[in-house]
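Student: Generate coordinates for the sequence data below:
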Amino acid sequence: MPYSCRLDKDRSGSLSAVELQQALSNGTWTPFNMQTVQIIIGMFDRERKGTINFQAFVGLWKYITDWQAVFRSFDTDNSGFIDKNEMKGALTFFGYKFSDPFYDVLIWRFDRQNRGQIAFDDFIQCCVTLQTLSNTFQMQDTDRDGWVTIAYEQFLSMALSVRS
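Tutor: Numbering: from 1, shown residues only. Next comes the predicted model:
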């Protein structure tokens, strides 16, 4: 059955967030987190319509497949979830250097099921959010020393303008 019939339930020629959520699997028999779906659509929606066309879906599918390989490589106990130690390994590999208490914050923030670990879709959301926030910070960190001095309103503007 062609893409348009299987996934595009309303036959609009593009996938909405709900249609995409139904098409994606995080490996835990639960639907993808809608926030993660919306982040991904935002990354691939070149027309800024809140949907993705078939061409964008092909790229999105490769993106998800690539993330799945990354996730599996750091899910060392093959539980289908990333725990704090696995998260620390993944983010250290990606070049981040965080304190142990910060990993607790990340797990708390992205663990929708309150299990002390995060699912595949939440892992994507966590990594994309960290990258987006890091990019926003780095725009202010002109000397690349990991420190910035900003006014409170500037901080709020930076934080609120981040689309993750």
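
Student: thought Leu106 was touching Cys126?
Tutor: Yes: judged on C-beta atoms under 8 Å, Leu106 makes contact with Cys126 at a distance of 6.0 Å. From N, CA and C alone the C-beta is placed, and that goes for glycine too.

Student: Pull up the overlap in contacts between the two.
Tutor: Met87 (C-beta atoms under 8 Å, 6 or more residues apart in numbering).

Student: got a list of what the residue lying closest to Pro31 once chain neighbours are set aside touches?
Tutor: Closest residue to Pro31 apart from its sequence neighbours, by C-beta to C-beta, 6 or more residues apart in numbering: Gln21 at 5.4 Å. By C-beta under 8 Å, 6+ apart, the contact set of Gln21 is Pro31, Phe32, Met34, Val37.

Student: try Ala56
Tutor: Phe44, Asp45, Arg46 are the contacts of Ala56 under C-beta under 8 Å, 6+ apart.

Student: Kindly report the same for Thr36.
Tutor: For Thr36, the contacting residues are Asp121, Asp122, Ile124, Gln125, by C-beta under 8 Å, 6+ apart.
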